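Asker: here is my input, please return the structure:
(one chain, ligands or ions: 1)
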Amino acid sequence: MREPDDVADGVRVVAGARRITVLSGAGVSTDSGIPDFRGPNGLWTRDPTAERMSSYKDYRDDPAVRRRSWQSRLAHPAWTASPNAAHEALVSLERAGRLVALVTQNIDGLHQRAGSTSVLELHGTMHETVCLTCADRRPMRAALDRVAAGEDDPPCLVCGGILKSATISFGQPLDTDVLMAARDAALSCDLMLAVGSSLSVQPAAGLVGLAAQAGATVVICNASETPYDGVASVVLRGPLSEVLPALVS
Ligand code: NAD
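Answerer: Residues are numbered from 1 along each chain as shown. You can find the predicted model right below:
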């Protein structure tokens, strides 16, 4: 594992950057009480069978996976979570006029709640449902109210089809427009700041390599190693709610 650099190195690099693209992952929200997937307390680390709820095919084909998913959504910590100092630090980067885009793999909406506006949600949002048959979209809250009232797998109210959160599961393509905008942001930045992601999900993680190939400096802040640490000028391992405020101060 690569030895982490000093926060002071990161501060120097970030201070010298004018066009910053951020790629964020689940690690930004752990300090808000939302577990990641692959960290030491990650959902899949503790229960590998939970991974099936993120498979499009398993969700579509197995009613038991859908029933479990609805219970999991109902009890999700995101409904009561608040943004933390890491989200707020990224807001100040945008307000300073130095942010090209905040590309996030997160589905919890906490970047927007904190005040970020230039957010590209690569993996969609958990705040809406989508029908797998007719594509009707509605607020998630309406479906969760039906689950709380006793429907264990609420069907689409328009066509009776299967409802799912409006997130990208494994086996589902990303929204082309969002992905293209994220690629543009990776290609036009002078600094790619990857935060709180294991950088193990493609094509999101590949944005880091793309930015590096286009000449951007790469800074990675993540508690555990990533496949892209080798292309980074600076790698920091501390908790993001401490590291990010220091980096943008
Ligand atoms: P991941 O679970 O693969 O990686 C998260 C990384 O963050 C881990 O390597 C972990 O070591 C690090 N980390 C955790 N807490 C940290 C902290 N406080 N400080 C520094 N590092 C910390 O997550 P990923 O790379 O985002 O990819 C997995 C998928 O998970 C994404 O597609 C995303 O949609 C989904 N997801 C999202 C949320 C959310 O929206 N909050 C939560 C869980 C999973």
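Asker: could you use CA atoms for every contact and neighbour count after this?
Answerer: Fine.
Asker: hey, which helix or strand in the protein has the poorest pLDDT?
Answerer: helix 43-46 (a mean of 82; mean pLDDT, DSSP states H and E).
Asker: do it and the ligand meet?
Answerer: No - Helix 43-46 is not in contact with the ligand by C-alpha under 6 Å from any ligand atom; minimum separation 7.6 Å.
Asker: one more: stretch 175-190?
Answerer: No - interface with the ligand: stretch 175-190 contributes nothing (C-alpha under 6 Å from any ligand atom), its closest point being 13.4 Å away.
Asker: then stretch 113-121?
Answerer: No - residues of stretch 113-121 contacting the ligand under C-alpha under 6 Å from any ligand atom: none, with a closest distance of 8.9 Å.
Asker: in that stretch, what's buried?
Answerer: Buried positions in stretch 113-121, judged by neighbour count with 16 or more other C-alpha atoms under 10 Å: Ala114, Gly115, Ser116, Val119, Leu120, Glu121.
Asker: one more: stretch 163-173?
Answerer: Buried residues in stretch 163-173 (16+ other C-alpha under 10 Å): Leu163, Lys164, Ser165, Ala166, Thr167, Ile168, Ser169, Phe170.
Asker: in strands only, show me those residues.
Answerer: Counting by DSSP state E, those place Leu163, Lys164, Ser165, Ala166, Thr167 in strands.
Asker: so who does the first one touch?
Answerer: It refers to Leu163. Residues in contact with Leu163, defined by C-alpha atoms under 8 Å, 6 or more residues apart in numbering, are Thr129, Val130, Cys131, Leu132, Asp153, Pro154, Pro155, Cys156.
Asker: show me where the protein has strands.
Answerer: Secondary structure of the chain (DSSP E): strands at 20-24, 99-104, 119-121, 124-131, 137-139, 163-167, 191-195, 217-221, 234-236.
Asker: the second one pairs with which strands, and in what direction?
Answerer: Listed by DSSP bridges, the sheet partners of strand 99-104 and their directions read strand 20-24 (parallel), strand 119-121 (parallel).
Asker: now swap in the last one and tell me
Answerer: For strand 234-236, sheet partners with direction are given as strand 217-221 (parallel), following DSSP bridges.
Asker: relative to strand 191-195, how tilted is the strand it pairs with?
Answerer: For strand 217-221 against strand 191-195, the angle by axes from the mean of the first three to the mean of the last three C-alpha atoms, to 10 degrees is 10 degrees.
Asker: from the ligand, how far out is Glu242?
Answerer: Distance of Glu242 to the ligand, computed by C-alpha to the nearest ligand atom, to the nearest Å: 8 Å.
Asker: check what pLDDT that residue gets.
Answerer: Note for Glu242: predicted pLDDT of 96.
Asker: got a list of what it touches?
Answerer: Ala85, Ala86.
Asker: close to the ligand: what parts of this structure are there?
Answerer: So the chain meets the ligand at 25-27, 29-31, 34-39, 105-108, 123, 196-199, 201, 222-224, 238-240 (C-alpha under 6 Å from any ligand atom).
Asker: domain ranges for this structure?
Answerer: The chain breaks down into these domains under automatic domain parsing: 1-34+83-123+174-249, 47-75+126-167.
Asker: any idea which of the ones you listed is most buried?
Answerer: Mean neighbour count (mean count of other C-alpha atoms under 10 Å) peaks for domain 1-34+83-123+174-249 among those, with a mean of 20.
Asker: ok, back up a step: other SSEs contacting the least confident helix or strand of the chain?
Answerer: Contacting helix 43-46 under the criterion 3 or more C-alpha pairs under 8 Å, 6 or more residues apart in numbering; DSSP states H and E is no other helix or strand.
Asker: using PDB, write out every CA atom in it.
Answerer: Output of helix 43-46 as PDB, limited to C-alpha atoms (Å, rounded to 0.1, in the frame of the first residue of the first chain):
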ATOM      1  CA  LEU A  43     -23.000  -3.000   4.000                       C
ATOM      2  CA  TRP A  44     -21.400  -5.600   1.800                       C
ATOM      3  CA  THR A  45     -18.400  -6.200   4.100                       C
ATOM      4  CA  ARG A  46     -20.800  -7.100   6.900                       C
END
